[in-house]
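Chemist: okay, predicted coordinates and the sequence, questions at the end:
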Amino acid sequence: MTTQRSFKARVRARMEKTGESYTTARRHLIDRAAEPASTAASPPAPTEPNATAAAAQTERIADDLIRVRTGRGWDEWFAQLDAASAAEWTHTRIARHLVTEHEVPGWWAQTITVGYEQARGLRAPGQRRGGGFEASASRTVAVPAVRLFEAFADQTARARWLPDVEVRVRTATAPRSFRADWAGGPTRIVVGIDAVGESKARVNVLHEKLTGAEQAAELKAYWRNRLAALKVLLETDGDDR
C-alpha cells in the first residue's frame, strides 16, 4: 500500500510539472521504470518505420493547460480553426493565424497547430505535415539564455550532458538558435532558446528527418532524458563555472 501511494504521488507530481493527464503521466513513469539503466544516456539506434506511434499532441498536453496558456481548450481551438477552414491551410498559415488573429504566443501557436493537424488527419503523431517524421522536447532551466545556449554551442560543455554523440554544427546564433547534423547524418537537430525573465530560459529541441514513428518516439524519450540531465547540470553544483 505504501509503495502504491508513493507511485501515485510521483504521478501527480509529474502531472503538475508537465500538464499531462493522469493516464499519460502514469504511462511515462511506468515506461521509464522499465528502461534499462545502461541505455538511459545513449542515443537510440536508427529504426525502420512500423506501427509504433508517438503520443498525440492532445494526449501529451492536457486540455486544462492549453486553456490556461491560451484561453481556450483543445475542442474550442479546433472549432475555431474549422470555422476558418484551416484544414486547407499550410502549417505556417495556421500558426500565423493563431498568433495574429488570436494573440496566441508563438510556442503555443505551434502546439495548437500540430494538435489540430493530427486531429484532422493531416499528419500522424511525430510526423511532419509533408510526410517526414520528427521528435521534439522542451525544458525550462533556471539559468540565463546565454548559459543555456553555451551548453549546446560549446563542445566541451555539450559533452558533459550529451556524451558520445558526434554533432556537426551548421549554424549557431547566440543566444537564440543552434542547428547541427546529428551523429553523421542524415538526421539533424534544431534548437531554439527563449529567455523567460533574466534568470530562466526555455529550450526547445526539434530532431528532424527521422525514418518513422518508432524512431520519433524513441528520440522524443531520449531528448526528454537529456534535457532533464542538462537542467540538473546547470542548476546544481554540477556546473562548476
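Modeler: Arrived safely. Predicted, not measured: the structure shown is a model, and the values here were computed from it.

Chemist: which pLDDT value goes with Y222?
Modeler: On pLDDT, Y222 comes in at 95.

Chemist: in what helix or strand does it lie?
Modeler: helix 213-235 (DSSP states H and E).

Chemist: what's the answer for A79, then?
Modeler: With DSSP H and E as the criterion, A79 is inside helix 74-83.

Chemist: what number of residues lie near F178?
Modeler: Residues near F178, counting by other Cβ atoms under 10 Å, number 26. All C-beta atoms are positioned from the backbone trio N, CA, C, and that covers glycine.

Chemist: go on, the one 10 residues further on?
Modeler: The tally of other residues near R188 (other Cβ under 10 Å) stands at 18.

Chemist: one step back: how far is the helix holding Y222 from where the chain is centred?
Modeler: Centre-to-centre, helix 213-235 and its host chain are 8 Å apart (Cα atoms, centre = their mean, to the nearest Å).

Chemist: circling back to that earlier point, what is the subsequent helix or strand relative to the helix holding A79?
Modeler: Sequence order places helix 91-102 as the next helix or strand after helix 74-83, per DSSP H and E.

Chemist: in that next one, which residues are buried?
Modeler: Of all the residues in helix 91-102, those buried under the rule 16 or more other Cβ atoms under 10 Å are 91, 94-95, 97-99.

Chemist: got it, and stretch 59-66?
Modeler: 59-63, 65-66.

Chemist: and for stretch 136-144?
Modeler: In stretch 136-144, counting by 16+ other Cβ under 10 Å, buried: 136-139, 141, 143-144.

Chemist: mind giving me the packing neighbours of the helix holding A79?
Modeler: Using 3 or more Cβ pairs under 8 Å, 6 or more residues apart in numbering; DSSP states H and E, the elements in contact with helix 74-83 are helix 63-70, helix 91-102, helix 106-119.

Chemist: run the angle between the second one and helix 74-83 for me.
Modeler: So the one you mean is helix 91-102. Following axes from the mean of the first three to the mean of the last three Cα atoms, to 10 degrees, one obtains 100 degrees for the angle between helix 91-102 and helix 74-83.

Chemist: and helix 91-102, C-alpha only, in CSV?
Modeler: What follows is helix 91-102, C-alpha atoms only, in CSV (Å, rounded to 0.1, in the frame of the first residue of the first chain):
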residue,chain,number,x,y,z
HIS,A,91,1.1,24.7,-41.2
THR,A,92,2.7,28.1,-41.3
ARG,A,93,-0.5,29.8,-42.2
ILE,A,94,-2.4,28.1,-39.3
ALA,A,95,0.3,29.1,-36.7
ARG,A,96,0.4,32.6,-38.1
HIS,A,97,-3.4,32.9,-37.9
LEU,A,98,-3.3,31.9,-34.2
VAL,A,99,-0.6,34.5,-33.4
THR,A,100,-2.0,37.4,-35.4
GLU,A,101,-5.8,36.9,-35.0
HIS,A,102,-6.0,35.3,-31.6
